[in-house]
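Asks: Fold the following, please.
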Amino acid sequence: QVQLVESGGGLVQTGGSLRLSCVGSGGIFSSSAMGWFRQAPGKEREFVARVDSNGVITSYADSVKGRFTIFRIDARNTVYLEMNNLKPDDTAVYYCNAGTTLGKVPGTSWGQGTQVPVSS
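Replies: Numbers count the residues shown, from 1 in each chain. Prediction:
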């Protein structure tokens with residue numbers, strides 16, 4: 001199983017940008033599709049973005065399309081989530097996931113999460 005550690009979260013103003021990172025160790029990171037999910041206070045965890053194992057095919061939740069970009073650098077065992085034009089509704093704990101399916105179903109490996117509060 002891949003172990004995952006996220007970083008890059010922090011307080012940001014509306015309209016601002018952040019780049020989240022997720023470093024994987026153990027398992028076979030390069031052969032795993034990777035995803036980002038988020039959980040806002042009082043809400044269920046939801047899908048944000050996914051990149052396939054080749055780094056070519058990406059998919060996004062409608063709420064973040066055009067603002068967020070997911071990409072990976074396998075030489076660094078790292079997947080990133082570039083977030084632009086952030087809104088208060090983006091406030092959540094963001095989690096990295098290994099094995100996210102095309103159907104947006106998460107795999108079993110999760111990171112510990114990184115908080116992203118967006119101030120209005």
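Asks: buried residues in stretch 29-45?
Replies: For stretch 29-45, burial by neighbour count (16 or more other CB atoms under 10 Å) applies to 29, 32-38, 45. The C-beta positions use only the backbone N, C-alpha and C, and glycine is treated the same way.
Asks: So which of the residues you listed sit within strands?
Replies: Taking DSSP state E, the ones among those that sit in strands are 34-38.
Asks: can you tell me which of those lies nearest to residue 52?
Replies: Ranked by distance to residue 52 (CB to CB), these are led by residue 34 at 8.5 Å.
Asks: correct me, but the closest one touches residue 51?
Replies: Yes - at 5.5 Å, residue 34 and residue 51 qualify as touching, with contact defined as CB atoms under 8 Å.
Asks: which residues do the two both contact?
Replies: With CB atoms under 8 Å, 6 or more residues apart in numbering applied, the overlap between the contact sets of residue 34 and residue 51 consists of 70, 72, 79.
Asks: Tabulate the residues you listed (CSV), appending pLDDT and distance to residue 113.
Replies: Supplementary listing: these in CSV, determined by pLDDT from 0 to 100; distance: CB to CB, whole Å:
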residue, pLDDT, distance to residue 113
70, 98, 17
72, 97, 19
79, 97, 14
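Asks: Now tabulate the ones in strands among the buried residues of stretch 29-45 in a markdown table and tack on pLDDT and distance to residue 92.
Replies: As requested, those are arranged in a markdown table below (pLDDT from 0 to 100; distance: CB to CB, whole Å):
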| residue | pLDDT | distance to residue 92 |
| --- | --- | --- |
| 34 | 97 | 18 |
| 35 | 97 | 14 |
| 36 | 98 | 10 |
| 37 | 98 | 9 |
| 38 | 98 | 4 |
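Asks: Nearest to residue 66, out of the residues you listed: which one, please.
Replies: The closest of these to residue 66 turns out to be residue 36 (CB to CB; 15.8 Å).
Asks: what's in contact with whatever helix or strand residue 6 lives in?
Replies: Secondary structure assignment for residue 6, by DSSP states H and E: strand 3-7. The contact list for strand 3-7, computed with CB under 8 Å, 6+ apart, reads 20-27, 94-98, 109-114.
Asks: Residue 76 versus the most centrally placed residue in the chain, what's the distance?
Replies: Taking CA atoms, centre = their mean, the centroid of the chain lies closest to residue 36, which sits 2.6 Å from it. With the distance defined as CB to CB, to the nearest Å, residue 36 ends up 17 Å from residue 76.
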